[in-house]
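>>> Curious how this folds, go ahead:
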Amino acid sequence: MELRFRSFNMAAFLCLVLIGFQVSKSAALIAAHDSNPPYPKAILDLKEAIVKGLGFQADEFKISGFDLRDAQVGKSVAYEFDVEIDDKVMPFRLLEDVNRWEYVDLPIFQTAHSVRPGEETGLVETKKFDDTMPVLAPFQLAGPMELWIQDAKDMRISLPHEVDAGVLKKVILADGAVVTVKGARSVSLRHPIELPLPFNRTSSNFASGLLALAEWLRNAAQSQDGPLLSLRIVGPTSLTSPASSSPSSNNRLKLKRLAPGLVELSSASKRKSGSTAIDLQSEVTALLAPDRFSTMWPITSIDGSNSNLVGFEALLSSVLGPKASKEGSFKLVKADVSAQTFVKMGFVVEKKTGQGDGFDMSGFPAWRTKPQSVRMHFEVLAKVDGNKVVPERVVQIDPVIGEDTVADHVMTGNTTMSKVPVVYQPSSPFAL
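Below is the predicted model of the structure:
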C-alpha cells in the first residue's frame, strides 16, 4: 500500500509539472503575441515608408502602434494637377475632406492571427469591407471630344434605350452630344493642353476665368484644325443620354460603329454652337458639386459658381502671379480626378532621454520619477492602392493628458481632523 501511495504521489507530481509547463508556455506565447503583433506586409511597408519619410534613425527611435483594430477607413476624391509655366512643372494634389470614417476590415490587413480567441465581439462594431471600388459621382460630358475606356466590364449604353455596342475601347462624342457617365473610378487627361493668357478673373464668387478658358478650348475643338480633347475614363459602368425635364426637347443620341471597339455618338437634334445650357436631370450630381447654372465645358454638370471650381481658379491665379495679366500661355500637363479609399491610424515614436537629447526637464516635479524615454504620438493618413498602403500625410497629435490627484491626508501632512484648528467665519450682518 505504501509503494502504491508513493507511486500515486509521483504521478500526480508529474501531472502538475506538465500542466504548469503548458500554462507557462501558453502565457509566454500570449505575451510574445501581444508584444510583437503579426503585422501584415501592407503595414510593414507603410511603417518603412514613414521611417524613411520622417528621417528617423533605427537605433535612436522606436516606432510602435499601428493597431489594426483602431484603423478607420473612409472614401474621398483626389485631384492631381501638373501646371507648366516657363518650362517649370508645378504639381498640385488636393483632397476632399472625408465625410465619414468607419471601422472596416480591409482584406489587405487580414492575417492568420487577426482575430484572437475571445475578441470576436467588441465595443465598436466593425463592418466588412465592400469589395467594390470607390467610384465618382455621376457626371456629364459634352462633345466634341474622345473618350478612352479602360477596365470597363459589361458597360451599358442607353440612347435612351439600351444598345449593345460590344466591347468598347474608344467613344467619340460629336459636337452637341451629351452623355452621363456613371460608375467611373477616375478621369484623366491623356494629352497636355496649352491654354492662352491673360487669365482674367471678374468675380471672387464665380470662376469666370476658367469658364473663359473652357469656352476657348471648346471653340478650338470645334474647328477642323484644332486639337481634339481626349480623356481617359477607368471603370465606367454606363454611358446614358441625360433625361430631359422638358418633353419637347430631344436628347436622343445616334450610335455609329466605326471599327471594332470604336463608336461615335452624335446628337439627333444638334444644338446651336453658341448654346451651352444643358438640361440636367434632377438625380445626377456633379463631379464637384450639384450646382446647375452656367455650365462649364466639357463637364457640363458643374457651373461657374461651384465652390471647388472657384477654389481651383484662385489657386491657378496665385500660381500664375503677374503672368496672369500678360499675353502668353501656360500648359496643363496632367489632370486626374479619382475616387480613393483612405486609412487613418495612429502610431507612437519613442526616444530614450539622456544628456544632450534636447528635452528640458527643468519643469518636471521633483517628487516624480523622471522618465527614461519620451513618447510622441502621430497619426498617418494613407491611400489604399491595390495591395499597398501609401502614406499621404503624417501629423503629430496630442495624446490624452493624465491628471495628478493627491489625497487629502497628504496635502495636510497626515494630520488628523482632531488637531485641525477650528476657524469660525465672521457673521454676516444680513443674516437673521
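
>>> Per-residue pLDDT of the nearest residue to Gln72 once chain neighbours are set aside, please?
Excluding the flanking residues, the one nearest Gln72 by CB to CB, 6 or more residues apart in numbering is Trp101, at 4.1 Å. (Glycine included, C-beta is placed from N, CA and C.) Looking at Trp101, its pLDDT is 86.

>>> Trp101 touches Gly74, doesn't it?
Yes: Trp101 lies in contact with Gly74 (CB atoms under 8 Å); the separation is 4.6 Å.

>>> For Arg232, name its beta-bridge partners.
Beta bridges link Arg232 to Trp148, Ser188 when assigned by DSSP bridges.

>>> wait, is Gly53 part of a helix?
Yes: according to DSSP: H, G, I helix; E, B strand; the rest coil, the state of Gly53 is that of a helix.

>>> any idea how far Val343 is from it?
16 Å (CB to CB, to the nearest Å).

>>> Ala142 too?
Distance, Ala142 to Val343, using CB to CB: 37 Å.

>>> and what of Ala407?
Ala407 is 44 Å from Val343, by CB to CB.

>>> same question, Val181
Val181 is 28 Å from Val343, by CB to CB.

>>> what's the answer for Pro426, then?
As judged by CB to CB, Pro426 and Val343 stand 65 Å apart.

>>> Now do the strands in the stretch 251-400 of the chain.
Secondary structure of the stretch 251-400 of the chain (DSSP state E, counting those that start in this stretch): strands at 253-259, 262-267, 328-352, 373-385, 388-397.

>>> Equivalent analysis for the stretch 51-200 of the chain, please.
61-65, 72-85, 88-95, 104-105, 127-128, 139-142, 145-150, 156-158, 162-163, 170-173, 178-182, 186-189, 193-197.

>>> what's the closest of those strands to Ala314?
Nearest of those to Ala314, taken as CB to CB: strand 88-95 at 12.1 Å.

>>> In terms of neighbours, single out the busier of Gly53 and Val343.
Taking other CB atoms under 10 Å, Gly53 and Val343 do not tie; Val343 has more neighbours (26 against 11).

>>> which residues does the residue nearest to the more buried one when sequence neighbours are not counted contact?
Leaving aside its chain neighbours, Val343 sits nearest to Ala382 (5.0 Å; criterion: CB to CB, 6+ apart). For Ala382, the contacting residues are Leu46, Phe342, Val343, Lys344, Met345, Val389, Val390, Pro391, Glu392, by CB atoms under 8 Å, 6 or more residues apart in numbering.

>>> can I get those in TSV with pLDDT and distance to Leu136?
Shown next, in TSV, are the contacts of Ala382 (pLDDT from 0 to 100; distance: CB to CB, whole Å):
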residue	pLDDT	distance to Leu136
Leu46	84	26
Phe342	90	15
Val343	89	20
Lys344	89	21
Met345	88	26
Val389	85	22
Val390	86	20
Pro391	87	24
Glu392	85	19
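
>>> Now, of the residues you listed, which are buried?
Taking 16 or more other CB atoms under 10 Å as the criterion, what is buried in the contacts of Ala382 is Leu46, Phe342, Val343, Lys344, Met345, Val389, Val390, Pro391.

>>> Specify the beta-bridge partners of the last one.
Okay, so that is Pro391. Under the criterion used here (DSSP bridges), Pro391 is bridged to Ala382.

>>> Surely it touches Lys47?
No: contact criterion CB under 8 Å: Pro391 and Lys47 do not qualify, at 9.5 Å.

>>> picking that back up, relative to Ile401, which of the strands of the stretch 51-200 of the chain is closest?
That would be strand 61-65 among the strands of the stretch 51-200 of the chain, by CB to CB, at 18.1 Å.

>>> Which parts of that closest one count as buried, going by neighbours?
Ile63, Gly65.

>>> average pLDDT for it?
For strand 61-65, mean pLDDT rounds to 79.

>>> quick check: angle from it to strand 373-385?
Here strand 61-65 points in a direction 60 degrees away from that of strand 373-385 (axes from the mean of the first three to the mean of the last three CA atoms, to 10 degrees).

>>> got the contact list for strand 61-65?
With CB under 8 Å, 6+ apart as the test, strand 61-65 has contacts from Lys47, Ile50, Val51, Phe56, Met345, Gly346, Phe347, Val348, Val349, Glu350, Lys351.

>>> neighbouring contacts of the helix or strand containing the first one?
The reference is to Lys47. Lys47 is located in helix 41-54, with elements delineated by DSSP states H and E. Residues outside helix 41-54 that contact it (CB under 8 Å, 6+ apart): 39, 58, 63, 66, 68, 108-109, 347, 380, 382, 387-391, 394.

>>> show me what contacts Pro236?
By CB under 8 Å, 6+ apart, the contact set of Pro236 is Ile149, Ala152, Met155, Val181, Lys182, Gly183, Ala184.

>>> I'd say the second one and Ser238 touch.
No: in this structure, Ala152 sits apart from Ser238 without contact. The criterion is CB under 8 Å, and the distance is 9.4 Å.

>>> how near is the residue nearest to Gln72 to Pro198?
43 Å.

>>> for Trp297, same thing?
Distance from Trp297 to Pro198, by CB to CB: 20 Å.

>>> now do Gly261
According to CB to CB, Gly261 and Pro198 sit 42 Å apart.

>>> Check Lys419 too.
With CB to CB as the criterion, Lys419 and Pro198 are 87 Å apart.

>>> Just want to know which of those two has more residues nearby.
Per other CB under 10 Å, whichever of Lys419 and Pro198 has more neighbours is Pro198, with 14 against 7.

>>> who touches the closest residue to that one other than its chain neighbours in this structure?
Spatial nearest neighbour of Pro198, excluding adjacent residues (CB to CB, 6+ apart): Ser325 at 5.1 Å. Ser325 makes contacts with Pro198, Phe199, Asn200, as judged by CB under 8 Å, 6+ apart.

>>> Low-confidence bits of the stretch 301-432 of the chain, can you list those?
354-361, 414-415, 431-432 (pLDDT under 70).

>>> Which pLDDT value does the model give the closest residue to Asp151 other than its chain neighbours?
Leaving aside its sequence neighbours, Asp151 sits nearest to Gly235 (CB to CB, 6+ apart; 4.8 Å). With respect to pLDDT, Gly235 scores 87.
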